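[1] Sequence plus predicted model, see below.
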Amino acid sequence: MRTYERGVEDETLSCGTGVTAVALAASRRGATSPVHLRTPGGDLRVAFDAKPDGSFTNIYLSGPATRVFDGKLEVADRQK
């Protein structure tokens, strides 16, 4: 799965919301939980319970977590 995110204005390595949406849509086409998806950022798994009324509960996304950025935040003195 590949994701282009607005605001970033580029393709991202992965998107939890997008991966979950794809997994639930795949379920409507016969895929069973858990659904395994491959993104440029790594392989992810979405587990869920599908209810007879077409809704989903107990949705869990799992996969590797990797640090991709380090930064430092400096807060300006507001008393000036």
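    Thanks, I have the structure now.
[2] does residue 12 really touch residue 3, like I thought?
    Yes. Between residue 12 and residue 3 there is a contact under CB atoms under 8 Å: 5.2 Å. From N, CA and C alone the C-beta is placed, and that goes for glycine too.
[3] if you count what's nearby, which of these two comes out ahead?
    residue 3 (19 against 14; other CB atoms under 10 Å).
[4] Touching, residue 10 and residue 4? I think so.
    Yes. Using CB under 8 Å, residue 10 is in contact with residue 4, at 7.0 Å.
[5] Excluding residues flanking it in the chain, which one is nearest the most centrally placed residue in the chain?
    Taking CA atoms, centre = their mean, the centroid of the chain lies closest to residue 16, which sits 0.8 Å from it. Ranked by CB to CB, 6 or more residues apart in numbering and with sequence neighbours excluded, the top spatial neighbour of residue 16 is residue 61, at 5.5 Å.
[6] Run a quick neighbour tally on the one you found.
    Residue 61, neighbours per other CB under 10 Å, totals 17.
[7] looking at this, it is in a strand?
    Yes. Under DSSP: H, G, I helix; E, B strand; the rest coil, residue 61 sits within a strand.
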